[in-house]
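*Asks:* I'd like to go over a predicted model; first the sequence, then the structure.
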Amino acid sequence: MPRPFRFGVNLLADDPSSALGPLLERRPELTLDRALALPIVVVGTLAEVVARVRGLRERYGFSYLTVLEPSMEAFAPVVEALSA
């Protein structure tokens, strides 16, 4: 049975703390480490994001993911790497 998953934050960034700045400002109870541990947060370099998506698939059994339109172009290299 397919197990969908929608990421809340999916960014390719060399510096996760600045990439997650807006989220941390909106959610002051979150620390950077707690935000990075959330399964809906996927942020980092291409290699880090690919590894994170694979890890989430192994841990939670997600069989496909949803990327919202504003992130589609930036996320395309991740999809390509996962398809290889």
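*Replies:* Right, received. Where do you want to start?
*Asks:* what's around V53, how many residues?
*Replies:* 21 (other Cβ atoms under 10 Å). In short, each C-beta sits where N, CA and C put it, glycine included.
*Asks:* tell me the buried residues in the helix or strand it falls within?
*Replies:* Under the criterion of DSSP states H and E, V53 resides in helix 46-60. Within helix 46-60, the residues that count as buried by 16 or more other Cβ atoms under 10 Å are 49-50, 52-53, 56-57.
*Asks:* following element in sequence after it, please.
*Replies:* strand 64-66.
*Asks:* isn't P77 right up against A47?
*Replies:* No. Using Cβ atoms under 8 Å, P77 is not in contact with A47, being 10.4 Å away.
*Asks:* circling back: could I get the buried residues of helix 46-60 as CSV with distance to R27?
*Replies:* As requested, the buried residues of helix 46-60 are exported to CSV (distance: Cβ to Cβ, whole Å):
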residue, distance to R27
V49, 21
V50, 26
R52, 20
V53, 22
L56, 20
R57, 25
